[in-house]
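Peer 1: turn this into a structure:
(one chain, ligands or ions: 1)
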Amino acid sequence: MAGLLAAAGVTTLAGTARAAGTLGAAAAEKGRYFGAAVAANHLGEAAYATTLDTEFNSATPENEMKWDAVESTRNSFTFGAADQIVGHAQGKGMKVRGHTLVWHSQLPGWVSGLGASDLRAAMNNHITQVMLHYKGKIHSWDVVNEAFQDGGSGARRSSPFQDKLGNGFIEEAFRTARAADPAAKLCYNDYNTDGANAKSNAVYAMVKDFKARGVPIDCVGFQSHFNSASPVPGDYRANLQRFADLGVDVQITELDIEGSGSSQAASYTTVVNACLDVSRCTGITVWGVTDKYSWRSGGTPLLFDGNYAKKPAYTAVLTALGGSGGGGGGGATCTVSYTRTDDWNTGYNGRVTVTAGSAAVSGWTTTVTMTSPQKISATWNGTPSWDSSGNVMTMRPNGNGNLAAGASTSFGFTVTKNGSSAAPTLGTCTAS
Ligand code: G3I
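Peer 2: Next up is the predicted model:
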């Protein structure tokens, strides 16, 4: 075949495929998933759902599968919010990570109050019921979360499980989990275990012991919450590799990195490259879709900003995954300008012109902020979404957002003045 192609003058087929343009597609080409933590109560926000659905191919419920959410009363299970995320993800062809079955935090008071034998029964029942409910739908479960202390001791963290059931609770939890859903990968998940230190050494010793004794464990999750002042450890890749060498998969489960701009982007690149370098690193999850809803209140640790625009960190991740077209710090740029096209007593029409910079763009996002009590009553030539105040409109193209270098397009809107004739404020334009 190659000979025939060569004879026909086709010298190469490699490299002719268009590079993947989303995080999920680019990761998939590397045999990995790229996921986000998802909160059920944001799925109704168009920009949130669109960003999630477009960019990610795995979802982790951020809080909805935790013990307090699914079994706040003993043996009475409420899966509504978690089901909403699982249903949404499955409807979009995403995989789902399960987080988390046994954890000292977000644990209802009734669990902490139990004596040892009741606690053992409650733990095993909880694992079994939750895993059976989602059997076949979860690719990996965080069976036990954060069971080791921070600091230099490498000791187990005090918790109702540790204090009443002893060291064996982790092993018991994994055995129960394997019986409930034998197809799910069973993970131990923790933070500050991202480089070699006393805590990660203690987890390493546990995993090594589990593998030696046949305790069912398939993966270790590295949460990877990083601050800008203490970024990714220099031995991050080596630490992932030493765990992988024990015969488990490794997953980056809750990635977020404080900061902004090129230094944040560089740290994200380091993390993605480390995962790609370790063949048993099966996927990456960032801990949220947008800075707007990060658990780090006031922080900007994620890949999309508060208006869902792609950040330089996004482009860095996409590029490291081998994709392209991310914008937000790459070559694609755009600018916006505003004109009031009609004006009358109670309202006016505005037009925003979006112009591509010196490179073609395949998409754009910008914001229009109204001065309260003005309200936008109609829009055209774009797809709007709104913040909770109703004053900030984020506008994206209808359909594809292709613009040749230097080309323009425009969208329009009608404003009800409600007594104010002030001009709206334009945000920056972000291109992809
Ligand atoms: O839902 C209630 C709401 O009804 C109430 O009005 C409000 C008032 O405080 O609280 C809301 O619950 C909050 C919940 O997030 C949902 O937003 C809790 O207070 C808040 O404590 C909880 O924080 C979560 C945190 O875990 C709790 O430990 C974060 O969203 C979540 O991102 C975070 O995730 C953890 C991982 O599970 C484990 N690793 C660390 C990671 C970051 O802390």
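Peer 1: so who does the nearest residue in space to Gly427 that is not next to it in sequence touch?
Peer 2: Closest residue in space to Gly427, ignoring its immediate chain neighbours: Thr367 at 3.3 Å, by CB to CB, 6 or more residues apart in numbering. (Each C-beta comes from the backbone N, C-alpha and C, glycine too.) Each residue near Thr367 by CB atoms under 8 Å, 6 or more residues apart in numbering is listed here: 307, 392-395, 426-427.
Peer 1: need these in a markdown table with pLDDT, can you?
Peer 2: Putting the contacts of Thr367 into a markdown table (pLDDT from 0 to 100) gives the following:
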| residue | pLDDT |
| --- | --- |
| Asn307 | 95 |
| Val392 | 88 |
| Met393 | 92 |
| Thr394 | 90 |
| Met395 | 91 |
| Leu426 | 84 |
| Gly427 | 81 |
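Peer 1: hang on, the earlier thing: verify the assumption that the residue nearest to Gly427 is located in a strand.
Peer 2: Yes - counting by DSSP: H, G, I helix; E, B strand; the rest coil, Thr367 falls inside a strand.
Peer 1: helix/strand/coil for the residue of the chain found nearest the ligand?
Peer 2: The ligand sits closest to Trp295 of the chain, with a gap of 3.3 Å, by CB to the nearest ligand atom. The assignment at Trp295 comes out as coil when based on three-state DSSP.
Peer 1: next up, the contacts around it.
Peer 2: Trp295 is in contact with 62, 287-288, counting by CB under 8 Å, 6+ apart.
Peer 1: before we move on, what about Glu29?
Peer 2: Contact partners of Glu29, counting by CB under 8 Å, 6+ apart, are 20, 321-323.
Peer 1: closest to Ser362 out of the contacts of Thr367?
Peer 2: Met395 (16.2 Å; CB to CB).
Peer 1: the nearest residue to that closest one once chain neighbours are set aside: neighbouring residues, count only.
Peer 2: Among residues not flanking Met395 along the chain, Gly382 sits closest, at 4.4 Å (CB to CB, 6+ apart). Neighbourhood size, Gly382 [other CB atoms under 10 Å]: 22.
Peer 1: ok, Ser117 next?
Peer 2: Neighbours of Ser117 using other CB under 10 Å come to 10.
Peer 1: phi first, then psi, for it.
Peer 2: phi -70, psi -30 (degrees, to the nearest 10).
Peer 1: kindly report the same for Thr409.
Peer 2: Backbone geometry at Thr409, expressed as degrees, to the nearest 10, gives phi -140, psi 170.
Peer 1: now it, which residues is it bridged with?
Peer 2: For Thr409, the beta-bridge partners are Val354 (DSSP bridges).
Peer 1: from the contacts of Trp295, pick the one nearest Lys137.
Peer 2: Glu62 (17.3 Å).
Peer 1: who touches the closest one in this structure?
Peer 2: If you count contacts by CB under 8 Å, 6+ apart, Glu62 has them with 37-39, 99, 287-288, 295.
Peer 1: now do it against Thr285, distance only.
Peer 2: Distance of Glu62 to Thr285, computed by CB to CB, to the nearest Å: 10 Å.
Peer 1: equivalent analysis for Ser432, please.
Peer 2: Ser432 sits 22 Å away from Thr285, going by CB to CB.
Peer 1: between these two, point out the one with more neighbours.
Peer 2: Shown here are Ser432 and Thr285; by other CB under 10 Å, Thr285 has more neighbours (27 against 22).
Peer 1: interface residues of the stretch 101-250 of the chain facing the ligand?
Peer 2: Counting by CB under 6 Å from any ligand atom, the residues of the stretch 101-250 of the chain close to the ligand are 105-106, 191, 223.
Peer 1: could you dump these into a markdown table with neighbour count, secondary structure and pLDDT added?
Peer 2: Converted to a markdown table, those look like this (neighbours: other CB atoms under 10 Å; DSSP: H, G, I helix; E, B strand; the rest coil; pLDDT from 0 to 100):
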| residue | neighbour count | secondary structure | pLDDT |
| --- | --- | --- | --- |
| Ser105 | 11 | coil | 98 |
| Gln106 | 12 | coil | 97 |
| Tyr191 | 18 | coil | 98 |
| Gln223 | 22 | coil | 98 |
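Peer 1: looking at these, which is nearest Thr54?
Peer 2: Nearest to Thr54 among these: Gln223, at 24.9 Å, using CB to CB.
Peer 1: for the stretch 51-200 of the chain, which segments count as helices?
Peer 2: 67-70, 80-91, 109-112, 116-133, 160-165, 168-180, 198-213 (DSSP state H, counting those that start in this stretch).
Peer 1: mean pLDDT and distance to Ser260 added to these, as CSV?
Peer 2: Shown next, in CSV, are the helices of the stretch 51-200 of the chain (pLDDT from 0 to 100; distance: least, CB to CB, whole Å):
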stretch, mean pLDDT, distance to Ser260
helix 67-70, 98, 32
helix 80-91, 98, 28
helix 109-112, 98, 40
helix 116-133, 98, 37
helix 160-165, 98, 38
helix 168-180, 98, 38
helix 198-213, 98, 28
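Peer 1: appreciated, that's everything.
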